[in-house]
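coords please:
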Amino acid sequence: IGTHLAWNCVVLILLYSINSSFAPPTQHVLEKSEVAPSKLNMKLKHAYESLLSFFRPVTCRRKDEQTLIPCHVGEGLNTTECLENKCCPSKSIHELQCYMPFKDNLQLTFRLLVLVAGGFFILGCLPFCCCAFLQR
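This is a model prediction of the structure:
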């Protein structure tokens, strides 16, 4: 069951990476003639976004060589509005007030390491569990 779940996660990630490479840069806006998605689709979308955010961690910590990109929600936002729109507020007056977060490769490496180690642990324990179950 554990390997089946792992394969499902891998397939979902692959499908998303294929789908996101062809997606337009702007978000899809519902037209008046379109029907709003059902609650089940909204729950699936939320679960999908949570899974995606696990594999695409971001941070507001800036390194010296990184350039600030203005947040797409607008200018002149206060700190609360900036954080609500998943952007980073700036502490300096001379920089942008609200900027896009950066990819956190260190956090991604740590998460993948823990995920792979957990998978190997489960696969290592699987023969012992099967033997114990078959002996009963």
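
where does this protein have low pLDDT?
Residue ranges of the chain with pLDDT under 70: 1-37, 74-76, 93-96.

ranges for the strands of it?
Along the chain, counting by DSSP state E, strands occupy 58-59, 88-89, 98-99, 102-103.

list the helices and strands the longest helix seen in the chain packs on?
The longest helix of the chain (DSSP state H) is helix 105-135. Helix 105-135 is packed against helix 2-22, helix 39-55, with contacts defined by 3 or more Cβ pairs under 8 Å, 6 or more residues apart in numbering; DSSP states H and E. Backbone N, C-alpha and C define where each C-beta goes, glycine included.

look up how far Leu68 lies from Ser90.
From Ser90 across to Leu68, the span is 8 Å (Cβ to Cβ, to the nearest Å).

ok, now which ones touch Asp104?
Contacts for Asp104 (Cβ atoms under 8 Å, 6 or more residues apart in numbering) come out as Pro57, Val58, Thr59, Arg61.

mind doing that once more with 6 Å?
For Asp104, the contact set (Cβ atoms under 6 Å, 6 or more residues apart in numbering) comprises Pro57, Val58, Thr59.

now the last one: closest residue in space that isn't a chain neighbour?
If I follow you right, that is Thr59. Distances taken as Cβ to Cβ, 6 or more residues apart in numbering place Asp104 nearest to Thr59, at 4.1 Å, with adjacent residues excluded.
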